[in-house]
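A.B. asks: from the sequence below, what's the structure:
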Amino acid sequence: MMAGDRHMPLVRDARESDSASIADILAREIVDGVAHFGLRPPPVSQVLADFLARGVYPWVVAADTSGAVLGFARASAWKSREAYTWTAEIGVYVRPEHQRRGVGRALYARLFPSMQAAGLRTIIAGIALPNPASVRLHEAFAMTHVGSIPCAGFKHGRWIDVGYWVRHLGEGVPCPVSPTTFETTARD
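C.D. replies: Numbering: from 1, shown residues only. Below is the predicted model of the structure:
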């Protein structure tokens, strides 16, 4: 997408073949940014292993017309104890040259309904602070700030605060969490 381009990217379920692009996006964020608290970029094999082990948690990518991956969003387990089964943590990562062009919004517009379809009920997002653009994105999806942890991580020679945003997808007794179509169709 060129500057000023109003064409939205194609957002689709992630595939195994996207692992190298996702690893590249993560590596840039880990090395240069603070949105990911990893300190060493994961090898493609680790990204692929995480993708294959995702269970009910959707991963989506945004691609341009040539198929190049511009960004991705994923859901993952919040905690391992059974009562947390319906709660997931989300993350969205967009290549720097495509940020602030609607890619993150397009990714979340696909991710959130996929999470609800899988039976997930509570979405949690951690945001390294300050990051007004990320705060605006999450609040645009009806996520509410519920608190911050000062000095939650040490990266690039400084302490970084993390704020947490939450959104509930439903009330009452939850339905069983089950794999959705992304789990069976995401293979190449």
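
A.B. asks: quick one, strands of the chain?
C.D. replies: 10-13, 59-63, 69-77, 87-94, 122-129, 144-155, 158-168 (DSSP state E).

A.B. asks: quick one, which of these is packed in tightest?
C.D. replies: strand 59-63 (a mean of 24; mean count of other CB atoms under 10 Å). Any C-beta I mention is one placed from the backbone N, CA and C, and that applies to glycine too.

A.B. asks: strand partners (parallel or antiparallel) of that strand?
C.D. replies: Partners of strand 59-63 in the sheet, by DSSP bridges, are strand 10-13 (antiparallel), strand 69-77 (antiparallel).

A.B. asks: okay if I get the ones you listed as a markdown table plus distance to Leu120?
C.D. replies: A markdown table is the format used below for the strands paired with strand 59-63 (distance: least, CB to CB, whole Å):
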| stretch | distance to Leu120 |
| --- | --- |
| strand 10-13 | 16 |
| strand 69-77 | 7 |
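
A.B. asks: re the thing from before, of all the strands of the chain, which one is nearest Pro41?
C.D. replies: Pro41 sits nearest to strand 87-94 of all the strands of the chain, at 12.2 Å, using CB to CB.

A.B. asks: how near is Asp32 to Val173?
C.D. replies: 44 Å (CB to CB, to the nearest Å).

A.B. asks: out of the strands of the chain, which is closest to Arg40?
C.D. replies: strand 144-155 (11.7 Å).

A.B. asks: which residues does the residue nearest to the spatial centre of the chain form beta bridges with?
C.D. replies: Most central in the chain under CA atoms, centre = their mean is Gly91, positioned 2.5 Å from the mean C-alpha point. According to DSSP bridges, the partner residues bridging Gly91 are Arg74.

A.B. asks: tell me the contacts of it?
C.D. replies: Contacts for Gly91 (CB atoms under 8 Å, 6 or more residues apart in numbering) come out as Ala35, His36, Ala73, Arg74, Ser76, Ala125.

A.B. asks: quick one, phi psi at the second one?
C.D. replies: In terms of degrees, to the nearest 10, the main-chain angles of His36 are phi -120, psi 130.

A.B. asks: how near is the residue nearest to it when sequence neighbours are not counted to Pro96?
C.D. replies: Nearest in space to His36, with sequence neighbours left out and distances taken as CB to CB, 6 or more residues apart in numbering, is Glu29 at 4.5 Å. Note on Glu29: its distance to Pro96, by CB to CB, is 9 Å.

A.B. asks: same check on Asp13?
C.D. replies: Counting by CB to CB, the gap from Asp13 to Pro96 is 24 Å.

A.B. asks: any chance of the backbone angles for the nearest residue to Val56 once chain neighbours are set aside?
C.D. replies: Distances taken as CB to CB, 6+ apart place Ala118 nearest to Val56, at 4.5 Å, with adjacent residues excluded. Backbone dihedrals for Ala118, given as degrees, to the nearest 10, come out at phi -80, psi -10.
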